[in-house]
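Colleague: build me a model:
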Amino acid sequence: MPSWAVRGSYLARRDTWQRFTKVREAPSAEQAKEIVYSEIGGSHRVARQGIRIDSVEPAKETK
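Modeller: Numbers count the residues shown, from 1 in each chain. This is a model prediction of the structure:
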């Protein structure tokens with residue numbers, strides 16, 4: 001299954017945006033975005049409107 005690098009930011013506090021990069025395995029870029037929305041929303045209690053995804057790119061393979 002391909003890996004995707006998802007980059008963006010989420011609203012950590014009232015006026016503070018926390019940047020993130022997450023690499024996740026998913027069949028498509030759209031599903032990788034959904035996984036990240038779910039993870040950040042669940043662990044940081046942020047609604048989807050408080051999450052900005054800037055880019056979704058195929059992750060570089062490291063061996």
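
Colleague: all strands of this protein, in order?
Modeller: Secondary structure of the chain (DSSP state E): strands at 3-11, 17-25, 51-58.

Colleague: could you measure from E34 over to K60?
Modeller: 22 Å (Cβ to Cβ, to the nearest Å). Heads up, the C-betas are built off the backbone N, CA and C, glycines and all.

Colleague: and P27, by the same measure?
Modeller: 19 Å.

Colleague: follow-up on the earlier one: out of E34 and K60, which sits in the more crowded spot?
Modeller: E34 (13 against 8; other Cβ atoms under 10 Å).

Colleague: now do the contacts for that one.
Modeller: For E34, the contact set (Cβ atoms under 8 Å, 6 or more residues apart in numbering) is empty.

Colleague: same check on Y10?
Modeller: Residues in contact with Y10 (Cβ under 8 Å, 6+ apart) are W17, Q18, F20, I40, H44, V46, G50, I51, R52.

Colleague: go with 10 Å
Modeller: Contact analysis of Y10 by Cβ atoms under 10 Å, 6 or more residues apart in numbering lists 16-20, 36-37, 40-41, 44, 46-48, 50-53.

Colleague: likewise E39?
Modeller: Contacts for E39 (Cβ under 10 Å, 6+ apart) come out as V6, F20, K22, R24.

Colleague: isn't the third one right next to S38, touching?
Modeller: Spelled out, that is K22. No: assessed by Cβ atoms under 10 Å, K22 is found out of contact with S38, at 11.2 Å.
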